[in-house]
Each structure stands twice: as structure tokens, then as C-alpha cells.
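*Asks:* here is my input; please provide its structure:
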Amino acid sequence: MTESPLSSTFSILTVLLLILTGCNDDKTSSPPDITLPAIENEAPTVTKVTIVPPTQPGESISGQYTYSDDWDAEGTSLFSWSIDDVTIADTLSFILPSDSEGKKLAFCVTPVAKTGVLTGSEKCSFVSIRGNYTKPTIEALVVSSPITTDIIVSATYNFVDEFGRAEGETTRSWKVNDSEISTEETVTIPKEHQGGMLTLCVTPVASIGNNAIGDEVCSEGVTVEAKAGSAPSIANLTFANFAKAGNELSLSYDFIDDDGDAEANSSFAWFIDDAELSQAASFTLPSDSEGKLLKGCVTPFAQTGTPVQGSEECTSTTIADIVITGELELLQTIDLAITGYTLNTENGATGVSWKLTDPNWPYERSTDINAFTITGLFPTEDAIYLIAHDLQVCIDTNESGEICLLASEQPTDEITGGLPTELDADNKITKRVISPVSFVDLTISGVTKRLHRPLNTVESTLLNISSGGSVPLHTSEYTDINTGIIWTLYDWQTGADSCNNQGKVLPVDGVNDTSDGFGLEQYYQQVISDYSQFPYSHFYSALGWQPNTYSWTSSLYSAGNHYDYYLITGDDNWTADTNTQAISCLSTLP
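*Replies:* Residues are numbered from 1 along each chain as shown. Alright, predicted model coming up:
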């Protein structure tokens with residue numbers, strides 16, 4: 001490392017200090033107080049970070065840079081290569097992947113010194129990967145035989161590219177007497193071209209890079225021969241009825257035979273999701289077939305002529321279905337997917353209507369054809385008009401009239417969540433409604449903890465059963481007169497056991513006890529910030545907090561007493577452990 005001027009100055013001052021100290025005749029006095037200049041050691045830097053061309057996929061690529069540091073020699077600096085923001089190498093050079101053409105290449109250097117301040121700031125260089133290629137070619141072009149009218153003619157060839165690029169959209173031109181008749185992979189030659197000269201010209205196209213289009217290669221001309229007889233065929237194949245579960249369907253088609261042969265007993269095949277289910281002329285769609293792929297096929301048979309059997313023709317469609325998906329919870333979005341149906345949009349209507357099943361508020365909330373977010377008609381609408389009710393969407397179809405779905409009645413893998421409110425004798429959920437917000441997250445110094453809403457009595461029962469009794473049942477209950485939800489109450493010990501045996505804890509109060517920064521006071525402040533548009537009397541029900549009921553905390557007031565907290569107004573207090581209160585358990589997110 002080359003010594004800097006500041007380093008030389010430091011050495012001179014050190015020598016001068018020694019001389020002055022030695023010249024002091026008064027051996028009893030202290031040496032003079034001389035302060036040396038402070039020397040600031042700064043982090044190393046890099047400049048001129050460059051990706052060395054060319055950027056040829058499949059070939060080595062390297063980077064270069066200039067390292068700078070006033071004091072310290074370079075140590076082992078760090079390198080990073082990425083393609084389209086995905087890191088793929090950490091060396092000064094590497095082999096570009098063969099499929100990297102056109103992608104964004106980044107080379108980054110983080111300078112590292114041997115001594116002093118070791119690590120500097122990362123600097124990067126970016127380029128687009130552009131290789132240099134030769135044109136692809138076509139070899140061994142062969143047209144299938146025989147070459148006659150009314151049969152499918154195909155061809156084979158070898159696509160050759162020096163750099164191994166994949167084949168792109170290679171073009172084809174089928175010609176009869178130099179007049180193009182098709183550009184598809186195969187061709188069926190019409191009868192009017194009988195006796196003409198068939199050729200196929202192929203122009204190779206690579207999927208990426210420059211020089212992607214090669215030179216056209218043509219096959220030798222072959223005379224189109226006459227066909228001994230025409231096979232029957234199927235045209236205009238459609239379903240003769242609307243494809244809806246429960247409907248009986250048949251196939252409508254035109255039987256065609258160029259030789260004039262009449263239709264015999266053509267064969268049929270019906271498939272749902274590629275599984276063959278019937279070979280009858282008609283087929284009734286199963287009740288569980290909604291949204292699945294229906295395919296109907298016909299193989300034509302002629303009474304006379306040769307050949308008597310034609311090619312199978314198929315038509316397909318998705319069986320009509322209406323599906324709603326999402327979580328049945330306040331502020332969550334329910335998505336609507338309509339398949340097969342067309343909407344009645346007369347008089348400017350969208351054909352879709354979203355409502356809640358609140359008899360006191362039976363108004364249309366949205367006409368969106370794609371989704372509905374479970375929220376108020378206006379920002380400060382009280383959540384009691386939303387939670388504890390069901391969501392209904394009605395679709396006015398041209399094919400089947402109005403079809404209405406209740407969110408709570410949909411399969412649980414389509415409509416998840418919801419607040420369970422009723423169980424049958426086997427403790428299976430028989431009714432669920434829109435749930436309050438399930439939790440509030442709070443992040444402090446990179447740590448996120450989640451405050452879970454209280455449980456209702458049905459949830460407490462299910463949790464007790466699923467845990468084998470380790471999570472205790474609630475001690476008492478409270479019915480919210482606004483929503484009808486029956487919430488759980490606990491004495492302090494039972495509430496603490498319920499949280500602990502779920503792998504959670506009772507939070508501290510956050511006022512008198514700040515041993516944990518994630519107290520109920522802090523969550524209260526978070527909520528009034530997140531939902532500042534709501535007066536407290538509105539948002540308490542949106543979060544499952546119970547009016548006139550405090551929540552237990554883990555904060556000890558005195559023997560047999562703990563602090564509690566009123567989450568609706570942010571007030572703290574204390575009470576005897578034998579009293580019953582609400583609980584909101586706290587968990588730490590990974």
C-alpha cells in the first residue's frame with residue numbers, strides 16, 4: 001500500500017515529540033503536553049464498476065472495478081452477480097446461462113479492506129444481456145407421404161442453431177403450384193388442387209437473440225394424387241343445450257361425406273376433466289360437475305363407401321358455475337368467479353348484487369361483478385351492521401335467471417373463516433357468520449406480536465375439544481345485545497391457562513406494567529391510529545371487544561388481584577382474580 005501524506009506527517013510529529021522530550025533539562029518537571037492530530041480512518045470505496053463485454057450467453061463474463069482506501073490495502077472484496085434480480089454467482093467472473101438472452105445483468109462489488117474500517121458501500125453496474133449469433137438453419141426437411149387430397153400432410157425437419165438456442169415461431173408455407181394454401185404445421189389439401197405440385201417452405205426462427213430468422217428452405221415438389229375415397233367428417237359441432245349441472249345434453253353437428261354416403265351409426269363419447277363417462281348420444285351432467293371441463297366427441301360413420309369411418313371431432317366448454325372465495329371476516333375481500341353464464345345487463349344493471357342478511361339493513365351494498373370487500377357503505381358505519389350476519393350475492397343470468405349464494409353455505413375451502421355460532425349434536429359447525437377482525441399486529445424494533453380477538457362460546461367449545469381438554473372452557477359468558485354474539489368470560493387463572501395452552505400468553509397492561517412493550521395500552525393506541533375514522537363505539541364490535549367488559553392482563557396488582565384493561569376506551573384498573581373478564585391472547589410471529 002502506498003503511504004499517504006498524512007501518514008508521513010504523523011511519523012515526523014512522533015520523532016519531533018521524542019526529540020523535545022529528550023531535550024528537557026529540568027528532570028523534575030513533566031514533559032510538554034503535545035497533542036497529535038486525530039487520524040480518521042474511512043471505509044474503502046469502489047469506482048468504475050464495469051461489466052466487461054461481450055455479454056454472450058454460454059460464455060464467460062467478468063467484471064472490473066477500482067478499489068480506493070487512503071490507509072488500508074484491499075482485503076477480500078465481495079462480488080455479486082444477478083440476472084433479473086436473482087443472485088447467481090459471487091465470483092469475479094462466471095459463465096452466463098445459455099437462456100439469459102435479453103435479461104438484466106447486474107454486477108455488484110462491496111469493497112473490503114484488510115485493516116481499519118473493513119467494509120464499504122456496495123456499487124453496482126447493470127447491462128442487458130445481448131449475445132451475437134449466427135442464423136439458424138433447417139436440415140433434413142421431409143414431407144410425409146402419401147400426398148393425396150383430403151388427408152393430413154405433415155413434415156419433419158431438424159432445427160439447427162450453432163449456439164443451441166431454442167426454436168421460436170418457425171414459419172411454414174404450404175404451396176400448390178407456387179400458390180400458398182396454408183401456414184399451419186400440417187395441411188389438408190382440397191380436391192381442387194389434385195394434380196398440382198405441392199411444396200413446403202420452412203423459415204427457421206430462433207426464440208431469442210439477433211439473427212433469429214434463418215434462410216428459407218423448400219422441399220422438392222411432389223404431385224398431389226387423387227384419393228381413392230373420402231372419409232366422412234363432422235362440421236359445426238356444438239352442444240344442443242346449456243352446459244349446466246343437471247341438464248341433459250346432446251350434440252348438434254353436420255355430417256359431411258364428399259362421396260355422398262349417408263350417415264350410419266356415428267359414435268359418441270362424453271368426457272368431464274378428460275375422464276370418459278358415457279358413449280350414449282345424450283348425457284346428463286352430474287350434480288358435482290360445476291366448473292369442470294366438458295368435452296363431447298363424435299366419430300362419423302358412413303353406410304357405404306370406403307373408408308366408412310371418419311376422424312373424431314370434439315367440442316368442449318366449461319360447465320356453468322358460480323364460485324365465491326375468500327375469508328368471511330370484516331374487511332376481507334370475497335372474490336366472484338362466473339363461468340359459462342352471461343349476465344343480464346338490461347337497463348344499465350351489472351347483473352350482480354351484494355347484500356348482507358341484516359333484516360334491519362337490507363340494502364344493496366355493491367354491484368361489482370368481480371369482488372366485494374366486507375366493509376361499510378361509508379367509513380364510519382357501525383360494524384354491528386356487518387358482523388354476525390351472512391353475505392349474499394345474487395347473479396342475474398340470461399340462461400337460468402337469478403342465482404343467489406350465501407357465503408356461509410359455501411365449501412370451507414372456498415369461503416374460509418367466519419365466526420361459528422351454532423353446533424350440531426356431533427359438535428360440527430352448522431352456522432357461521434361474518435367474523436370481527438381476528439387480530440391486531442404490532443411491530444416494535446423488528447419484532448411483531450399479534451393480539452388475538454376474544455373467542456365466542458362456540459369457538460371455546462371447539463378449541464377445548466380439539467386440544468383434548470388442555471385448553472380449558474370459558475368460565476362464564478356475555479351476550480352482546482347489538483350483534484347477538486355470545487362472548488366468553490374467564491376468571492384470571494382459567495384465562496391465563498387458556499392462553500398458555502394455546503402457545504400464547506396474557507399480555508401486560510402496558511400502563512402500570514411495562515415489562516413488555518406489547519401491552520394492551522400499546523395495542524389500544526395502535527387500533528385508534530389504524531381506525532381513526534371510527535368513534536370507539538363503532539370499532540369495538542369490529543374487533544370483537546366486549547362493551548362494559550374489561551380484559552385480563554398478566555400484570556400482578558397484589559396477591560389474588562391482577563390489573564385489567566378496558567380496550568374500548570383505553571382505561572386500566574384492577575380486580576380480584578375470581579371475577580370473570582374477557583381475554584385477548586398474545587402470540588409472537590416468526
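
*Asks:* list the buried ones in the helix or strand harbouring residue 79?
*Replies:* Counting by DSSP states H and E, the element that carries residue 79 is strand 78-83. Within strand 78-83, the residues scored as buried using 16 or more other C-beta atoms under 10 Å are 79, 80, 81, 82, 83. Heads up, the C-betas are built off the backbone N, CA and C, glycines and all.

*Asks:* now do the helices in the chain.
*Replies:* Assigned by DSSP state H, the chain shows helices spanning 5-22, 457-466, 492-500, 520-530, 536-542.

*Asks:* mind listing what's buried in the third one?
*Replies:* It refers to helix 492-500. If you call a residue buried by 16+ other C-beta under 10 Å, then helix 492-500 has these buried ones: 492, 494, 495, 496, 497, 498, 499.

*Asks:* tally of neighbours for the residue nearest to the first one when sequence neighbours are not counted?
*Replies:* Yep, that's residue 492 we're talking about. Nearest in space to residue 492, with sequence neighbours left out and distances taken as C-beta to C-beta, 6 or more residues apart in numbering, is residue 577 at 3.8 Å. Residue 577 has 18 neighbours, counted by other C-beta atoms under 10 Å.

*Asks:* can you check the one 4 residues further on too?
*Replies:* A count of neighbours around residue 581, defined by other C-beta under 10 Å, yields 25.

*Asks:* who's in contact with it?
*Replies:* Contact analysis of residue 581 by C-beta atoms under 8 Å, 6 or more residues apart in numbering lists 489, 490, 492, 495, 549, 550, 551, 552, 564, 575.

*Asks:* the second one contacts residue 474, doesn't it?
*Replies:* By that I understand residue 490. Yes: counting by C-beta atoms under 8 Å, residue 490 touches residue 474, with 5.7 Å between them.

*Asks:* what touches both of those two?
*Replies:* residue 498.

*Asks:* show me what residue 119 bridges to in the sheet.
*Replies:* Beta-bridge partners recorded for residue 119 (DSSP bridges): residue 112.

*Asks:* separation between the closest residue to residue 435 other than its chain neighbours and residue 429?
*Replies:* Leaving aside its sequence neighbours, residue 435 sits nearest to residue 419 (C-beta to C-beta, 6+ apart; 3.9 Å). According to C-beta to C-beta, to the nearest Å, residue 419 stands 10 Å off from residue 429.

*Asks:* compare the two (neighbour count), which wins?
*Replies:* Neighbour tally, residue 419 and residue 429, criterion other C-beta under 10 Å: the higher count belongs to residue 419, 25 against 16.

*Asks:* local confidence estimate at the more buried one?
*Replies:* On pLDDT, residue 419 comes in at 97.

*Asks:* cool, residue 272 as well?
*Replies:* Looking at residue 272, its pLDDT is 97.

*Asks:* for the residue nearest to it when sequence neighbours are not counted, grab the count of nearby residues.
*Replies:* Nearest residue to residue 272, sequence neighbours excluded (C-beta to C-beta, 6+ apart): residue 292, at 5.2 Å. Per other C-beta under 10 Å, the neighbour tally for residue 292 reads 19.

*Asks:* and this structure, what are its domain boundaries?
*Replies:* The chain breaks down into these domains under automatic domain parsing: 1-37, 45-128, 137-223, 233-317, 321-416, 439-588.
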